[in-house]
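Visitor: what follows is a predicted protein model with its sequence.
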Protein chains: 2
Amino acid sequence: MAAMDASPNDFTRRLTAVAAEAETVLEKLLGAAPLAGEIARPERLTAAMRHAVLGGGKRLRPFLVVESAALFGIARSGALLAGAALECLHCYSLIHDDLPAMDNDDVRRGRPTVHKAFDEATAILAGDALLTLAFDILSRSEVHPDATVRVALVLELARAAGLGGMVGGQMLDLAAEGRFAPKHALSETEIVTLQAMKTGALIGFACRAGAILGQAEAQARASIARYGNAIGQAFQIADDLLDVEGDAATLGKAAHKDAAAGKATLVTTLGVTGAHARLKVLVAQADAELAPFGPKADTLRAAARFVAERRS
Amino acid sequence: MAAMDASPNDFTRRLTAVAAEAETVLEKLLGAAPLAGEIARPERLTAAMRHAVLGGGKRLRPFLVVESAALFGIARSGALLAGAALECLHCYSLIHDDLPAMDNDDVRRGRPTVHKAFDEATAILAGDALLTLAFDILSRSEVHPDATVRVALVLELARAAGLGGMVGGQMLDLAAEGRFAPKHALSETEIVTLQAMKTGALIGFACRAGAILGQAEAQARASIARYGNAIGQAFQIADDLLDVEGDAATLGKAAHKDAAAGKATLVTTLGVTGAHARLKVLVAQADAELAPFGPKADTLRAAARFVAERRS
C-alpha cells in the first residue's frame, strides 16, 4: 500500500516552519542569563556559540525529531527541545571539524567559521560547551515528563555521537586521508561504515528520538530505526554528489574538497550514475519502512526524497 | 560536636583503594569492543582516550563521589561508575586545556600530553569522545536503578561542566591572560568566580553526586553542596600554591606557569601566607558542614585536609 506523498510545497512549508521554531528555541537556550547551577555565562563564549548555532542551517535534524515524534502523537514543544539539543550537538561537530588541525575550513553556512570569526581556543571551547549543552537540554523535564524517556535519549545520543559513532567516524575519516599511516584505498564496506558513523549515526538518532519520545513498541522503533539508516546513507551520498557537482556559492562551504583531498566516497566507488541509482534504492527502502504508519508518515516520506535530492 | 578524623593512614588507604577500583572500571569502559548502539571503536581514538585516562591521577573526583555516596548508604559499584564518568569528563578537560591553542602543555601526569603522544586532531577528538562518554555512562542503569536519579546526575554534571561552569571558567582564564583585550588586574571576586567555574564546579558536583545517588533530603544536599564549594576553593588555592612552591618533577606537569603567564590567583592577591590562612578557614568550613553527619563523615573530613595540604 503506497500512501500519497506530502506535496513538495507542503513539505517545504513544514520544514521552514520547524526551522523557524527551532531558531526561537535555540535563541532562548543561548541567552545571556545563567540558569540554576550555572555561575556565569562568559560573553565571548556565548557569542561564539550563538555564531555557530543561530541564523543558519536547514535544521534537518530537529525537523526529523519533530516529524518522527508526530507519528506517535507527541506534543511539538518537547520534540522541538530534543531537536534543539541535537542541533547544538551537530553544530559543535561542525565547529571542531572546521578547526585548522582537522579539516581547516574558513567558511561554513556562508559565514566565517568560529575559529576565523573568533579564534581557535574560543572555537574549541564553544564546541565543548555546545556538546555539553545538548545533554543538559535533553535531561530537562520539558522534553518529556518521564525520566526514563529522557535518560534513554541521553544514552542513545551519547552512543550515536561518541567513540563508536560520530566522533569515531571523524577519526576514521582523518585516517582515510592518510594522516597516520600510508594511505590505502577504502573498500565500499569501509566507506559505508565510516559514513554510518560520521553522518548516519546522528540522522538515525534524530529519527529514533521520535519513537523514544513516543514510547513506541519494539516493532515501530525498529521500522523507524531502519528508515533512519536509509536516509542517513542517502544524506551522505547526496553530500558527496554535491561535493562533485556543486559549487561553493550554493553550498555555503568549500566544494570539491573530497577530490582535492583524494577522499574516497561512494561516488568514487560507484561513479556519479551509480551513486544516483543507490540514492533511488535508499529512498525506496525508506518508503517501505514507513508503510505500517500509513498517510501520517507522508512528511517523513517527503523528507527521504528531500534528503536524496537536495541541491545544497 | 567534633567527630574524630579518620587517621591519615586510613585516609590514604581508602584513597588508594578507590583509585585502584576506578582504574579497573575505566579500563573496562575503554575496552576495544563496541557496545550496543556503537558501530565500531577506532583503534587510534580508543588508544588516545586510554592514554589520557588510564594509569595516572589521584582519582580525587571519583573518590569524592564514592565517599559522599557512602554517607547515604549507596552501593559502591554505582557510585564508582558515576565517579568514572566524572573522571572521563575531567580527563577530556585536561586534553583540551593542554592543546597548543589553549595552554600549550607538553607534559601531564609525567607523560606526554595527548597531542604530543598522538597529534592535535586526535587529541581534540579524544576529548570530545570522553566528554560524550561521561554522559553515556551516567545514563546507564548500573549507576542507579531509578531513572530520575540518573537524569539528575546528567543535568547537574552538564551544568557544572558547560558554558556556565568549567568550560566557561576556562574561557575566563584565557581572557584573564589578556588574549582578547588589554589585560586588567582581576579583583578577588573575579578570581573567585573564575576558579569556582574552572575547578570548583566539578569538585562540587563530585560531592553532590553522592547526595543525588542517595536521594538525600534538601538539608543534607545543601550541607554537602556547601562542603563541596569549600573544598573546591581549597583545591584551587592549593593548586596555585603548588605552582609557586612546587617543582615540575613532583607535580608531573610544568610549574611556575602562572607567574610566567602573569596570571592572577588568590596567591597573588592574598600572598603566600594569606593563601595558607584562607586554606585553614576553608577546611574549618568544610568540617562544619559535615557536623550533622557525625563520625561517618570522617573520610570526607580527611579529604578536605588532603585537598588543602597536598604536595602534588
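Guide: Everything's here; your move.

Visitor: pretty sure A:Met166 contacts A:Met197?
Guide: Yes. With contact defined as CB atoms under 8 Å, A:Met166 and A:Met197 form a contacting pair (6.4 Å). No exception for glycine: its C-beta is placed from N, CA and C like everyone else's.

Visitor: who's more crowded, these two?
Guide: Comparing A:Met166 with A:Met197 by other CB atoms under 10 Å in any protein chain shown, the one with more neighbours is A:Met166, at 30 against 27.

Visitor: what about A:Gly214, distance to A:Gly83?
Guide: Applying CB to CB, to the nearest Å, the value for A:Gly214 to A:Gly83 is 14 Å.

Visitor: swap that for A:Thr24, sorry
Guide: 12 Å.

Visitor: neighbour-wise, which of the two wins?
Guide: It is A:Gly83, of A:Thr24 and A:Gly83, that has more neighbours when counted by other CB under 10 Å, with 32 against 11.

Visitor: neighbours of the residue in the stretch 151-300 of chain A that chain B sits nearest to, how many?
Guide: Residue nearest to chain B within the stretch 151-300 of chain A (CB to the nearest CB): A:Gly164, separated by 2.4 Å. Neighbourhood size, A:Gly164 [other CB under 10 Å]: 29.

Visitor: any low-confidence regions in chain A?
Guide: Scanning chain A for pLDDT under 70 picks out A:1-6, A:247-256, A:258-261.

Visitor: would you map the strands across it?
Guide: A:107-108, A:111-112 (DSSP state E).

Visitor: in TSV, list those along with distance to chain B and mean neighbour count.
Guide: As requested, these are arranged in TSV below (distance: least, CB to the nearest CB, whole Å; neighbours: other CB atoms under 10 Å in any protein chain shown):
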stretch	distance to chain B	mean neighbour count
strand A:107-108	17	20
strand A:111-112	16	16
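
Visitor: right, and those strands - which one's nearest B:Ala117?
Guide: strand A:107-108 (30.0 Å; CB to CB).

Visitor: give me the sheet partners of that closest one and which way each runs.
Guide: strand A:111-112 (antiparallel) (DSSP bridges).

Visitor: which residues are in contact with the strand it pairs with?
Guide: A:His51, A:Gly56, A:Asp106, A:Ala117, A:Gly252 (CB atoms under 8 Å, 6 or more residues apart in numbering or on different chains).

Visitor: do a quick rundown of the helices in the stretch 201-312 of chain A.
Guide: For the stretch 201-312 of chain A, helices defined by DSSP state H, counting those that start in this stretch occupy the ranges A:201-213, A:218-245, A:248-251, A:257-260, A:266-290, A:298-309.

Visitor: could you export these as CSV, including mean neighbour count and distance to chain B?
Guide: Putting the helices of the stretch 201-312 of chain A into CSV (neighbours: other CB atoms under 10 Å in any protein chain shown; distance: least, CB to the nearest CB, whole Å) gives the following:
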stretch, mean neighbour count, distance to chain B
helix A:201-213, 27, 7
helix A:218-245, 20, 10
helix A:248-251, 14, 23
helix A:257-260, 14, 16
helix A:266-290, 17, 16
helix A:298-309, 22, 20
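
Visitor: and A:Glu177, which of the ones you listed is closest to it?
Guide: Nearest to A:Glu177, of all those, is helix A:257-260, at 10.0 Å by CB to CB.

Visitor: what does the stretch 1-150 of chain A have sitting close to chain B?
Guide: Listed as neighbours of chain B in the stretch 1-150 of chain A under the rule CB under 8 Å from any CB of the partner chain: A:34-42, A:44-46, A:49, A:92, A:96, A:99, A:101-102, A:119-122, A:124-125, A:127-129, A:131-133, A:135-136, A:138-140, A:146-148, A:150.

Visitor: now those residues: which count as buried?
Guide: The neighbour count (16 or more other CB atoms under 10 Å in any protein chain shown) marks A:34, A:37-42, A:44-46, A:49, A:92, A:96, A:99, A:101-102, A:119-122, A:124-125, A:127-129, A:131-133, A:135-136, A:138-140, A:147-148, A:150 as buried among these.

Visitor: residues in contact with the closest residue to the residue of the stretch 151-300 of chain A closest to chain B other than its chain neighbours?
Guide: Among residues not flanking A:Gly164 along the chain, B:Glu38 sits closest, at 2.4 Å (CB to CB, 6 or more residues apart in numbering or on different chains). Neighbouring residues of B:Glu38 by CB under 8 Å, 6+ apart: A:Arg159, A:Gly162, A:Leu163, A:Gly164, A:Gly165, A:Gly168.

Visitor: at 7 Å what do you get?
Guide: Counting by CB atoms under 7 Å, 6 or more residues apart in numbering or on different chains, B:Glu38 touches A:Arg159, A:Leu163, A:Gly164, A:Gly165.

Visitor: tell me which two of those residues sit farthest apart.
Guide: Longest distance between any two of these is 9.1 Å, between A:Arg159 and A:Leu163; criterion CB to CB.

Visitor: more neighbours, the two?
Guide: It is A:Leu163, of A:Arg159 and A:Leu163, that has more neighbours when counted by other CB under 10 Å, with 29 against 24.

Visitor: now the residue lying closest to A:Ala185 once chain neighbours are set aside: how far from A:Gln195?
Guide: In this structure, A:Ala185 finds its nearest non-sequential neighbour in A:Ala264, 6.4 Å apart by CB to CB, 6+ apart. As judged by CB to CB, A:Ala264 and A:Gln195 stand 10 Å apart.

Visitor: pick out the most distant pair among the contacts of strand A:111-112.
Guide: Largest separation among the contacts of strand A:111-112 by CB to CB: A:Gly56 and A:Asp106, giving 15.4 Å.

Visitor: of these two, give the one with the bigger neighbour count.
Guide: More neighbours surround A:Gly56 than the other of A:Gly56 and A:Asp106, with 17 against 14 (other CB under 10 Å).

Visitor: who touches that one in this structure?
Guide: The contact partners of A:Gly56, taken as CB under 7 Å, 6+ apart, are A:Arg109, A:Arg111.

Visitor: next: A:Val272.
Guide: Counting by CB under 7 Å, 6+ apart, A:Val272 has contacts A:Leu241, A:Val244.

Visitor: same question, A:Val143
Guide: Contacts of A:Val143 by CB under 7 Å, 6+ apart are A:Gly78, A:Leu81, A:Ala82, A:Arg150.

Visitor: ditto for A:Ala216
Guide: Contacts for A:Ala216 (CB under 7 Å, 6+ apart) come out as A:Phe72.

Visitor: and it, how far is that from B:Arg150?
Guide: Shown here: A:Ala216 relative to B:Arg150, a distance of 21 Å by CB to CB.

Visitor: A:Ala129 reaches B:Gly162, doesn't it?
Guide: Yes. A:Ala129 lies in contact with B:Gly162 (CB atoms under 7 Å); the separation is 5.1 Å.
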